[in-house]
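> Okay, predicted coordinates and the sequence, questions at the end:
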Amino acid sequence: MVTCYLRYLIDPFKLEEFEHYGKLWIPLVEKFGGKHHGYFLPSEGANNIALAMFTFPSLAAYEEYRTLSAADAECQAAFKYAEDTRCILSYERSFFRPVFG
């Protein structure tokens, strides 16, 4: 199992646009076999940092999602929305192995 952690630098004046972007991606990740754990928007503290986390059964399953999503019309539309609104300034992606009790 692998969890993808995304840390976004967002435009704080486009928080509504970024929230919409997040709502687009949650079902798309799940469409390709992942489990989305949500987007986390600024509340207190920095107003330009947002997070997202989702899990796939393996790194291979994640790589398959990346390949399939690149060719998917809904995913392409979500990417285009972020590009058009410029709500995301940059992001970094890390992978973690979850530990459960």
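The structure has been received and is ready for your questions. Numbering: from 1, shown residues only.
> For the chain, which segments are assigned as strands?
2-10, 35-40, 49-56, 88-96 (DSSP state E).
> Taking their axis directions, the second one and strand 49-56 sit at what angle?
When axes from the mean of the first three to the mean of the last three Cα atoms, to 10 degrees is applied, the directions of strand 35-40 and strand 49-56 differ by 180 degrees.
> Put the alpha carbons of strand 35-40 into CSV.
Taking C-alpha atoms only, strand 35-40 is exported to CSV below (Å, rounded to 0.1, in the frame of the first residue of the first chain):
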residue,chain,number,x,y,z
LYS,A,35,-8.9,5.7,-2.0
HIS,A,36,-8.9,9.5,-1.6
HIS,A,37,-8.5,10.9,1.9
GLY,A,38,-9.5,14.4,1.0
TYR,A,39,-8.1,17.8,0.4
PHE,A,40,-7.1,20.0,3.3
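> what packs against that strand?
For strand 35-40, the packing partners by 3 or more Cβ pairs under 8 Å, 6 or more residues apart in numbering; DSSP states H and E come out as helix 15-31, strand 49-56. To be clear about C-beta, it is placed using only N, CA and C from the backbone, and glycine gets the same treatment.
> Dump these into a markdown table; add mean pLDDT and mean neighbour count as well.
Formatted as a markdown table, these follow (pLDDT from 0 to 100; neighbours: other Cβ atoms under 10 Å):
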| stretch | mean pLDDT | mean neighbour count |
| --- | --- | --- |
| helix 15-31 | 97 | 16 |
| strand 49-56 | 97 | 19 |
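> Of all those, which one comes closest to Y65?
Comparison of those against Y65 by Cβ to Cβ identifies strand 49-56 as nearest, at 6.4 Å.
> Return the list of strands paired to the closest one, each annotated with direction.
Here strand 49-56 is paired, per DSSP bridges, with strand 2-10 (antiparallel), strand 35-40 (antiparallel).
> Which among those strands is found nearest to L89?
strand 2-10 (4.5 Å).
> Export the strands paired with strand 49-56 to a markdown table and append columns for distance to Y81 and mean pLDDT.
Shown next, in a markdown table, are the strands paired with strand 49-56 (distance: least, Cβ to Cβ, whole Å; pLDDT from 0 to 100):
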| stretch | distance to Y81 | mean pLDDT |
| --- | --- | --- |
| strand 2-10 | 14 | 97 |
| strand 35-40 | 14 | 96 |
